[in-house]
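**Q** need coordinates for the following:
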Amino acid sequence: MVSYATIKEKLLRYNHLPGYAIAIANLILVLLFVFFAFRWLFHSDAATKVLLAYEVVKSGSIIPPDWYFVNGDIWLFFIHLPLILIGKAMDYSWSSYVVNTLFYVALYLAALLFFLRHFRVSFSSKILLFVMALSAYSTVNAMMVFGELAGITEPIFIFTFLGVILALEKREKGNTALYWLTGLLIFVFAAGAPGRSFIYNTAPALMVAFFLWIDKRSRKYLILFGTITLAFVLAYLVYHWMLLPNVEMKFSRNNLYFATYDEVWMNIDLFAKGLFFYFSLEGPRSLDVASFDGALYFFNFALVLFMLTATVKKMQLKTREVGFETILSFMTLYFLVVIGYLYIFANPLAKDATTFRYFRPLFYIVMIFTVLYVDRFNKPIKQIVIVVMLAHLTLINYKIYSSNSSFKELRHAHNNHEGVANYLMQHKLTYGFASYWNAGVTMALARNKSIVAPIHLHDFSPRRWLSAENWFHRTDTKKTFLLLAAGEYNGLKGSLNKFIPRDPLETLHIGNYVVLVYDTSREPLFKWQKEK
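**A** Numbering: from 1, shown residues only. Reported below is the predicted structural model:
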């Protein structure tokens, strides 16, 4: 007869399996988004990685001499570097984009698992943080973090650096590997944009190292402080002496200026809209509140409220006995004050709801606070809260990462620009122009076999924004096309001859797009194409 003790021992042997299963399920949902759903949402900002990688290979230089970078950011380590090799092996296609994304998702997972390894909470709390860190919360957040990858750098830094802090805390003496990891982390993030990196990475890291040294008076934290400083100085010198003098740089705005009283309230309004936007707090007008989907919006609200409560409860702003929660508290205060001040009292940082992304480092700190808060609950209550949160997050992730589509629909996902890209390749139309949001994505989906240079449609001048100068000066093509969305075409019908005083050879309607094909065997489409 099997005893109760034997049954209990066997159950304990498998008690972690449900946690692993829910973690793996959410990871699979992320991969569904990467492989399939993002193909619907693929756009020109995301496509830039493919285009830049191709220009790197074509020019034979890690910094293409005629590539236009923007807003002081020189893409060096993030987020196109693997594409240089992947593209050569797989062609610069959607498949190579997916493989590149998988590389950075793996890097993110490595940072998260490194942190969880040193994070001293229960197994179920670790699973909760794992799922929270992989959660989308909204489609726009999914796109930025796991789609175009612009938002994946913040959690990589947060989890790696905090993992280093926890690992150092366990050791009486420092660890050389941890110092090297920290130095490499700071250098990689700062080498391409030291100004931005100082605010987001170096300054908070220095603050943490300084407070730990003041409290512990341990040499290991002084070495950590020196490592961070040295890595940043080296990155700053590389940027200003080696990189910046050799690149073309464009800016979308001048330096920030102080906001007026009315502009401050406008920025506060944008902050609130961004909060609603990123955490799906605003349901569609057509949705009945008393419905299943309506209940999900309520739980989104409850989740955000719970996370904010946990953060307030767990914050400990003190300089004696500096522990992990104190470190998180000072980092929270730092990001709130610095980014919040710039966002609210300066212009034009807050442009629309999507600029709420500047607060993204806080997302992950608040997640950690939430897990620390839940982990202190009595065991039955803790397990109930964790199960409810995991169920809600997994359901939301399913809806967002699958775009509410069946697997059959996901498998056959295609981008609106693919029809145009395929037509250009099939009919050997190798050169043309389009607005920024139509140019990059079409060119990437055409595997760079058709150059589509971005232009301003209000005056048909070059839009030198994340593009290469050589795209604008092709004068040896017999046919040049102008790609327009249907709405753009209808709006430009009356003024098109003012900028292009000739009739097109063909007017092609491909889906929701119009392609005007011109004879350029004798004369290029625009006069400025001859200028260099």
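
**Q** contacts, neighbours, all on C-alpha from now
**A** OK.

**Q** what's the spacing between residue 308 and residue 95?
**A** 39 Å (CA to CA, to the nearest Å).

**Q** same check on residue 179?
**A** Taken as CA to CA, the span from residue 179 to residue 95 is 36 Å.

**Q** ok, the two, which is more surrounded?
**A** residue 179 (21 against 14; other CA atoms under 10 Å).

**Q** please point out which parts of the helix or strand hosting that one sit buried.
**A** Per DSSP states H and E: residue 179 is located in helix 176-190. Neighbour-count burial for helix 176-190, counted by 16 or more other CA atoms under 10 Å, picks out 178, 179, 182, 183, 184, 185, 186, 187, 188, 189, 190.

**Q** closest one to residue 157 out of those, please.
**A** residue 185 (7.3 Å; CA to CA).

**Q** quick check: pLDDT value at that closest one.
**A** With respect to pLDDT, residue 185 has a value of 95.

**Q** ok, it touching residue 157?
**A** Yes - the criterion here is CA atoms under 8 Å, and residue 185 meets it with residue 157 at 7.3 Å.

**Q** can I get the CA coordinates of the host helix or strand of residue 384 in PDB?
**A** In the assignment (DSSP H and E), residue 384 maps to helix 379-401. Output in PDB follows, covering the C-alpha atoms of helix 379-401 (Å, rounded to 0.1, in the frame of the first residue of the first chain):
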ATOM      1  CA  LYS A 379       1.700  31.100   1.200                       C
ATOM      2  CA  PRO A 380      -2.000  30.400   0.300                       C
ATOM      3  CA  ILE A 381      -2.700  34.100  -0.600                       C
ATOM      4  CA  LYS A 382       0.600  34.300  -2.500                       C
ATOM      5  CA  GLN A 383      -0.200  31.300  -4.700                       C
ATOM      6  CA  ILE A 384      -3.700  32.600  -5.400                       C
ATOM      7  CA  VAL A 385      -2.400  36.000  -6.400                       C
ATOM      8  CA  ILE A 386       0.300  34.500  -8.600                       C
ATOM      9  CA  VAL A 387      -2.100  32.100 -10.300                       C
ATOM     10  CA  VAL A 388      -4.500  34.900 -11.100                       C
ATOM     11  CA  MET A 389      -1.800  37.200 -12.400                       C
ATOM     12  CA  LEU A 390      -0.200  34.400 -14.500                       C
ATOM     13  CA  ALA A 391      -3.600  33.500 -16.000                       C
ATOM     14  CA  HIS A 392      -4.400  37.100 -16.900                       C
ATOM     15  CA  LEU A 393      -1.000  37.900 -18.300                       C
ATOM     16  CA  THR A 394      -1.000  34.600 -20.400                       C
ATOM     17  CA  LEU A 395      -4.400  35.400 -21.800                       C
ATOM     18  CA  ILE A 396      -3.400  39.000 -22.700                       C
ATOM     19  CA  ASN A 397      -0.200  37.700 -24.200                       C
ATOM     20  CA  TYR A 398      -2.100  35.300 -26.300                       C
ATOM     21  CA  LYS A 399      -4.500  38.000 -27.600                       C
ATOM     22  CA  ILE A 400      -1.600  40.400 -28.400                       C
ATOM     23  CA  TYR A 401       1.000  38.100 -29.700                       C
END
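
**Q** tell me which other helices or strands it touches.
**A** helix 17-32, helix 123-133, helix 139-142, helix 292-314, helix 360-375 (3 or more CA pairs under 8 Å, 6 or more residues apart in numbering; DSSP states H and E).

**Q** now those as TSV including mean neighbour count and distance to residue 252?
**A** Output for the helices and strands packed on helix 379-401, formatted as TSV (neighbours: other CA atoms under 10 Å; distance: least, CA to CA, whole Å):
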stretch	mean neighbour count	distance to residue 252
helix 17-32	17	32
helix 123-133	22	31
helix 139-142	21	22
helix 292-314	16	33
helix 360-375	21	21
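
**Q** what count of nearby residues applies to the residue lying closest to residue 476 once chain neighbours are set aside?
**A** Excluding its sequence neighbours, the residue lying closest to residue 476 (CA to CA, 6 or more residues apart in numbering) is residue 521, at 7.3 Å. The number of residues packed near residue 521 is 13, by other CA under 10 Å.

**Q** try the one 5 residues further on
**A** Counted by other CA under 10 Å, the residues lying close to residue 526 total 16.

**Q** closest to residue 84 out of the buried residues of helix 176-190?
**A** Once CA to CA is applied, the member of the buried residues of helix 176-190 that ends up nearest residue 84 is residue 188, at 17.6 Å.

**Q** ok, that closest one to residue 498 distance?
**A** For residue 188, the distance to residue 498 equals 48 Å [CA to CA].

**Q** shaky segments in this structure?
**A** Where the chain drops to pLDDT under 70, the residues are 1-14, 174, 253-254, 319, 532.

**Q** domains of this structure?
**A** Following automatic domain parsing, one finds the domains of the chain at 171-248, 418-530.

**Q** between the two ends of the longest one, how far is it?
**A** Read it as domain 418-530. Termini of domain 418-530 sit 30 Å apart (CA to CA).

**Q** starting at the chain centroid, how far to it?
**A** Averaging C-alpha positions (CA atoms, centre = their mean, to the nearest Å) puts domain 418-530 29 Å from its chain's average.

**Q** kindly report the same for stretch 77-97.
**A** On CA atoms, centre = their mean, the centre of stretch 77-97 falls 17 Å from the chain's centre.

**Q** neighbouring contacts of that stretch?
**A** The contact list for stretch 77-97 (CA atoms under 8 Å, 6 or more residues apart in numbering) reads 49-50, 52-54, 56-57, 99-100, 103-104, 149-150, 188-189, 192, 444-448.

**Q** longest helix in this protein, by residue count?
**A** helix 94-118 (DSSP state H).

**Q** could you tell me the angle between that one and helix 17-32?
**A** 150 degrees (axes from the mean of the first three to the mean of the last three CA atoms, to 10 degrees).

**Q** buried ones in helix 94-118?
**A** 94, 96-102, 104-105, 108-109, 111-116, 118.

**Q** still on that earlier bit, which SS class is the residue nearest to residue 476?
**A** Three-state assignment for residue 521 (DSSP: H, G, I helix; E, B strand; the rest coil): coil.

**Q** good, wrapping up.
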